[in-house]
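S.K.: Could you look at this predicted model? Sequence included:
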Amino acid sequence: KEKEITQEIDRPRYIAINKDYIYVTNDRYKGAKYVSIYKKSDLSFVKKIDFGTDAAERIVEAGGNIFVQNASYGYGTKMTYIKTSDNTVGSTINIPVGNRNINKIISYNNSVYAITSDAVDSYIYQYSSTGTLEKTTDLKGIKNGNNLVIENGKFYFSDDNKVYAMDMTATTAPTTPLFTVAYSKFFHLYGFNVIDGKIYTSDPKSFTADSEVSVYDTTGKLLKTFTAGMGTNGFYKN
């Protein structure tokens, strides 16, 4: 460890970094929800942006700007666009139609993608680095789209314990999953990522034992399984 940030940190959730600043979402249950901002050069505190009762969950950088997912555990239909030129809110982005709750936002090629669902169908929205809606992809029949990842021109996502893939240019949602995972009672797909042509998933074993990680190729073929720590919820390229 080289340094540590403690000022204005309260139940930190996710972190994003641009060329000058570090942005951390903080979300206390029934408490404060905000982004705290620090200089990257010396980790000094700059300011915080409060969200009132709106969640402060995932946060991503796209084209130098910052986007905050004001939705948590599948509840909430808003994102916040932060202009990093002066660290002020550029706009609040509402998912455009109906009660489409945001399950996850990601950044890819200087755009922001939000996967949402309304308990009947799911949708992927593409936004520019300044918060303009550029494209909507309908996922008809996908009830609970989540865990969105983009690799090599394809969307990968889950619906409960099913994993799907589709070309980013496709106009019709896939009807057959790549594979289905059998997970512990009350839990669906937990940890998920696609890295260098391999799909990684984790079964948290109801948080009563070490997690089981399964690795698949992009055709859905199981390559191997192994045990990881309790509550394994993410995979990252080293």
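M.R.: That came in fine, so what should we check first? Numbering: from 1, shown residues only.

S.K.: contacts, neighbours, all on C-alpha from now
M.R.: Fine.

S.K.: Could you list the low-confidence segments of this protein?
M.R.: 97-98, 184-187 (pLDDT under 70).

S.K.: what residue lies at the spatial centre of it?
M.R.: Centroid check for the chain by CA atoms, centre = their mean gives residue 104 as the closest residue, at 3.6 Å.

S.K.: Which helix or which strand is home to it?
M.R.: strand 101-108 (DSSP states H and E).

S.K.: again with residue 43
M.R.: Using DSSP H and E, residue 43 falls outside every helix and strand.

S.K.: thinking again about what came up before, mind giving me the packing neighbours of whichever helix or strand comes after the strand holding residue 104?
M.R.: Of the helices and strands lying after strand 101-108 in sequence (DSSP H and E), the nearest is strand 111-117. Strand 111-117 is packed against strand 59-62, strand 101-108, strand 122-127, strand 145-151, with contacts defined by 3 or more CA pairs under 8 Å, 6 or more residues apart in numbering; DSSP states H and E.

S.K.: if I look at residue 43, how far off is residue 19?
M.R.: 13 Å (CA to CA, to the nearest Å).

S.K.: try residue 122
M.R.: Plainly put, residue 122 is 34 Å away from residue 19 if you go by CA to CA.

S.K.: Could you check which of those two is surrounded by more residues?
M.R.: Using other CA atoms under 10 Å as the criterion, residue 122 and residue 19 rank with residue 122 on top: 25 against 11.

S.K.: now the nearest residue to that one once chain neighbours are set aside: how far from residue 70?
M.R.: The shortest distance from residue 122 to any non-neighbouring residue, by CA to CA, 6 or more residues apart in numbering, is to residue 139 (4.9 Å). For residue 139, the distance to residue 70 equals 22 Å [CA to CA].

S.K.: In terms of packing, which of the two has more residues around it?
M.R.: Applying other CA under 10 Å to residue 139 and residue 70 shows that residue 70 carries more neighbours, namely 25 against 22.
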